[in-house]
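**Q** 3D model of this:
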Amino acid sequence: MPPPESPRRADTAAASRPGASSVRRVAVIGGGPGGLYAAALLKRLDPDREVTVFERNAPDDTFGFGVVLSDETLGGIEHADPEVYRALSREFVRWDDIDIVHRGRTHTSGGHGFAALGRRRLLEVLHERCAALGVDLRFRTEAPPADELAAGHDLVVAADGVHSTTRRARPEVFGPVLTEHRNRYIWLAADFAFDAFRFEIAETPYGVMQLHGYPYAADASTVIVEMREEVWRAAGFDTRDPAASTARCAAFFAQALGGRPLRGNRSSWLTFRTVTNSRWSHGNTVLIGDAAHTAHFSIGSGTKLAVEDALALAACVGEQPDVPTALAAYEAERRPVVASTQRAAAASLRWFEEVAGYVDQPPRRFAFNLLTRSRRVTHDNLRLRDPAFTAAVEEEFGCPPGTPPMFTPLRLRGLELRNRIVVSPMDVYSAVDGLPGDFHLVHLGARALGGAGLVMTEMVCVSPEGRITPGCTGLWNDEQALAWRRITEFVHTRAPGAAIGVQLGHSGRKGSTKLMWEGIDQPLESGNWPLTAASPLPYHPGVSQVPAELDRAGLDTVREQFVSAALRAAAGGFDLLELHCAHGYLLSGFLSPLTNHRTDAYGGSLENRLIFPLEVFDAVREVWPAERPMTVRISATDWAEGGTGAADSVEIARAFAEHGADAVDVSTGQVVPDERPEFGRSYQTPYADRIRNSVGVPVVAVGAISSWDDVNSLLLAGRADLCALARPHLYDPHWTLHAAAEQGYTGPGAPWPLPYGAGSRPPPTGRTDEPGPRLTLRR
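**A** Residues are numbered from 1 along each chain as shown. Prediction:
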């Protein structure tokens with residue numbers, strides 16, 4: 001995997017700094033890897049320090065079997081405590097390959113690099129190191145409450161795991177959020193060593209099950225069996241004791257195990273619990289490891305994070321002048337790293353929850369999808385690790401030799417897009433009376449010249465009262481249509497091969513507001529126009545205008561406004577039309593239960609809430625030229641309790657696809673102001689992925705996709721058919737051409753405009769005439 005943020009390396013020189021002398025007595029609650037390693041480091045940094053570990057279990061009691069550590073974590077251990085590193089290195093089992101077994105075929109990807117050892121042996125090494133350093137190890141001893149320990153110690157390290165009593169005792173301080181997920185899993189072991197990290201999918205009469213297996217000794221492997229709750233119940237695991245469950249798991253995966261049995265270690269079926277906390281410390285008490293945060297086992301990060309927490313905590317205690325400052329520095333350092341890991345883990349967790357939706361993918365695509373599920377492994381670094389495997393995936397996808405996935409064409413009805421890049425609709429609020437002007441010509445024309453396969457307009461409003469702001473463009477009169485024609489002709493004549501699409505929409509309750517940079521979603525101070533919506537609910541209660549609920553006549557009027565705008569768009573030369581049913585605007589307002597409180601035929605159930613948006617879609621599709629594609633943009637989740645969710649979005653997409661949508665542009669949110677989006681890299685793509693693989697309709701993925709590597713990865717994994725990028729195209733109008741140059745691609749998917757041909761290679765960035773070394777002397 002690509003190296004994440006490097007772990008902190010505790011420096012023994014820190015013992016002479018002010019912070020080290022301020023911490024004389026340390027209590028550690030919990031004798032797992034994180035707690036033991038924190039104790040060892042804190043003692044090693046100051047041998048005179050009194051460090052006590054309280055562990056309720058016996059020294060040889062442990063749960064689970066093997067532990068995987070990354071090279072980065074091992075590097076931190078080596079720097080901080082060479083003795084521990086040498087002891088661990090003697091025990092490690094190392095391997096490079098990942099095997100994915102799917103429908104009887106095994107696909108192997110190499111070059112990954114793993115190291116594992118038994119959890120019991122890891123604890124023994126840490127016990128020995130703590131004892132050698134003089135740490136007071138108190139086994140079979142329940143720790144006193146953290147508050148009691150805090151009164152008699154300078155520092156209390158709560159390493160008491162996912163069920164942390166320290167955290168539970170002070171929820172008002174730590175602000176824990178615990179989220180249980182949908183899969184059941186069980187930790188088991190096999191008495192032989194897999195020769196690779198093995199993922200095996202079993203399609204049983206009860207549903208899909210998966211095995212995660214890896215060696216941790218020359219004669220032993222960890223085996224985790226996982227499945228959805230409903231599959232677990234259907235297979236009868238809910239009525240079986242642990243021994244019977246273990247035997248049944250071995251039967252389902254008999255081929256992977258070569259007929260060998262599995263064994264448990266106080267093993268039971270679990271549901272994974274994601275733990276987050278708003279704070280990690282209180283006074284002189286600090287949470288580390290699973291007490292502070294958890295990350296799904298499918299990316300192997302639990303022990304890794306705990307050990308890295310220990311490294312960072314010890315370093316901060318040594319560097320900072322007092323305990324409060326040290327704990328603040330520790331949290332500031334670790335929280336971004338943990339958040340990044342938790343996002344990756346959440347993506348991996350969701351992938352395995354939804355694996356049944358992927359099993360029909362072509363075999364190599366399935367394998368690639370699994371490998372890139374967390375977004376930490378990407379097309380580009382996988383190509384470096386295992387060129388042959390990646391080339392086979394590209395061939396299955398249909399990439400001509402030397403062609404990155406993003407530069408393969410895609411046909412929607414009569415329109416063939418030369419590549420998979422879309423310039424996402426971006427409101428630029430620069431129109432006067434709805435007329436697009438020179439700014440729009442330059443804005444859209446530059447991005448068409450920049451190589452994108454499809455350039456989308458901003459939301460073009462179907463009526464004056466359907467504008468978001470006074471600066472929005474429109475298509476409610478012929479003068480506007482003529483102005484748009486000027487832009488489409490420029491794209492077609494000066495950027496041959498580029499397509500241009502129009503997005504039609506109506507602001508609904510989010511209209512009559514200031515320009516974005518003057519106050520987003522804030523009502524105009526003067527010159528307001530009346531608003532209409534599905535229901536009379538203001539966007540910002542007490543601030544925004546209360547819209548009028550559309551009656552039958554109003555519904556008919558709006559529908560005809562969309563039809564008239566579509567006719568003008570067709571005459572204006574647009575290649576594709578997108579109906580905007582997202583982001584809380586008028587049609588989106590009908591879809592969400594948070595904004596549609598109607599009691600007539602257009603409200604209530606999702607089926608009813610779909611009626612008017614589908615009426616508009618059908619009416620527009622009827623007048624839009626048959627050979628030109630029509631898409632729809634939706635908000636796949638409202639990011640708010642009681643709103644549209646992922647399952648709803650699948651049914652919404654299915655309904656539009658059944659009515660003739662050629663693709664679904666999958667965005668999220670912006671429906672209610674109190675939303676709580678889960679921002680992160682490519683954070684909306686799981687929704688596009690689910691729709692594509694559930695409905696079978698082409699999808700446009702959008703949202704924090706910023707690199708060509710991400711685009712290639714999403715396409716090859718079958719999570720998207722097109723990728724829409726907004727901010728990257730604001731930063732660089734020639735983003736697509738530059739992506740081609742950086743990948744060494746010069747084919748038909750990214751032709752440079754003839755006047756720009758001389759710039760088709762990256763310019764030199766520094767001196768290249770200095771002679772390189774001619775001789776290396778050996779020491």
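**Q** residues of stretch 591-604 that come out buried?
**A** Across stretch 591-604, burial judged by 16 or more other CB atoms under 10 Å covers 591, 592, 593, 594, 595, 596, 598, 602, 603. C-betas here are computed from N, CA, C, even on glycine.
**Q** do the same with stretch 628-641
**A** Using 16+ other CB under 10 Å as the test for burial, stretch 628-641 gives 628-640.
**Q** Could you do stretch 458-469 as well?
**A** Within stretch 458-469, the residues that count as buried by 16+ other CB under 10 Å are 458, 459, 460, 461, 462, 463, 465, 466, 467, 468, 469.
**Q** On the three-state scheme, the residue lying closest to residue 643 once chain neighbours are set aside is what?
**A** Once flanking residues are discounted, residue 643 sits nearest to residue 594: 4.5 Å by CB to CB, 6 or more residues apart in numbering. Assigned by DSSP: H, G, I helix; E, B strand; the rest coil, the conformation of residue 594 is coil.
**Q** what's downstream of the helix ranked longest in the chain, the next helix or strand?
**A** Assignment by DSSP state H gives helix 323-353 as the longest helix of the chain. Downstream of helix 323-353, the next assigned helix or strand under DSSP states H and E is helix 363-371.
**Q** Residue 117 belongs to a strand, doesn't it?
**A** Yes - counting by three-state DSSP, residue 117 falls inside a strand.
**Q** confidence score at it?
**A** Residue 117 carries a pLDDT value of 91.
**Q** Could you give the number of residues near the residue lying closest to it once chain neighbours are set aside?
**A** Nearest non-adjacent residue to residue 117, counting by CB to CB, 6+ apart: residue 91, 4.3 Å away. By the measure other CB atoms under 10 Å, the count of residues near residue 91 is 16.
**Q** Next up, identify which helix or strand residue 91 is on.
**A** Assigned by DSSP H and E, residue 91 belongs to no helix or strand.
**Q** thought it was touching residue 124?
**A** No - contact criterion CB atoms under 8 Å: residue 91 and residue 124 do not qualify, at 9.3 Å.
**Q** hang on, the earlier thing: quick one, the longest helix of the chain and helix 363-371 angle?
**A** On the basis of axes from the mean of the first three to the mean of the last three CA atoms, to 10 degrees, helix 323-353 is oriented at 160 degrees to helix 363-371.
**Q** tell me which residues of helix 323-353 are tucked away?
**A** Buried residues in helix 323-353, defined by neighbour count with 16+ other CB under 10 Å: 323, 325-327, 329-331, 333-334, 337-338, 341-353.
**Q** Please apply the same query to stretch 68-83.
**A** Neighbour counts over stretch 68-83 (16+ other CB under 10 Å) mark 68, 69, 70, 72, 73, 74, 76, 77, 79, 80, 81 as buried.
**Q** what sits against the nearest residue to residue 528 once chain neighbours are set aside?
**A** In this structure, residue 528 finds its nearest non-sequential neighbour in residue 512, 4.6 Å apart by CB to CB, 6+ apart. Each residue near residue 512 by CB atoms under 8 Å, 6 or more residues apart in numbering is listed here: 467, 523, 524, 528, 529, 530, 531, 545.
**Q** Now list the buried members of these.
**A** Buried residues within these, counting neighbours by 16+ other CB under 10 Å: 467, 523, 524, 531, 545.
**Q** Please name the nearest non-neighbouring residue to residue 174.
**A** Distances taken as CB to CB, 6+ apart place residue 277 nearest to residue 174, at 4.6 Å, with adjacent residues excluded.
**Q** thought the one you found was touching residue 172?
**A** No - between residue 277 and residue 172 there is no contact under CB under 8 Å: 11.8 Å.
**Q** between those two, who's got more neighbours?
**A** Between residue 277 and residue 172, residue 277 has the larger neighbour count (other CB under 10 Å), namely 21 against 6.
**Q** On the three-state scheme, residue 85 is what?
**A** Three-state call for residue 85 (three-state DSSP): helix.
**Q** Flag the shaky bits of the protein, pLDDT-wise.
**A** Within the chain, the stretches with pLDDT under 70 are 1-21, 64, 766-779.
**Q** Centre-most residue in it?
**A** By CA atoms, centre = their mean, the chain has its centre lying nearest to residue 683, at 4.5 Å.
**Q** quick one: contacts for residue 532?
**A** Contacts were defined as CB under 8 Å, 6+ apart; by that measure residue 532 touches 465, 508, 547, 548, 549, 550, 554, 558, 586.
**Q** For the third one, give its distance to residue 511.
**A** Yep, that's residue 547 we're talking about. 8 Å (CB to CB, to the nearest Å).
**Q** do the same with the fifth one
**A** Residue 549 is 15 Å from residue 511, where distance means CB to CB.
**Q** just residue 209 next, same as before
**A** Distance from residue 209 to residue 511, by CB to CB: 51 Å.
**Q** next one: residue 374
**A** 40 Å.
**Q** So between those two, which is more surrounded?
**A** The residue with more neighbours, out of residue 374 and residue 511, is residue 511; 30 against 23, by other CB under 10 Å.
**Q** Would you agree the more buried one is in contact with residue 467?
**A** Yes - Residue 511 is in contact with residue 467 according to CB under 8 Å; the separation is 5.9 Å.
**Q** any residues in contact with both of those two?
**A** Residues within reach of residue 511 and of residue 467 at once, by CB under 8 Å, 6+ apart, are residue 529.
**Q** Residue 664 belongs to a strand, doesn't it?
**A** Yes - assessed with three-state DSSP, residue 664 lies in a strand.
**Q** Now it: closest residue in space, sequence neighbours ignored.
**A** Counting by CB to CB, 6+ apart, residue 664 lies nearest to residue 653, which is 4.6 Å off, once chain neighbours are set aside.
**Q** Could you check how far the one you found is from residue 666?
**A** Distance of residue 653 to residue 666, given as CB to CB: 8 Å.
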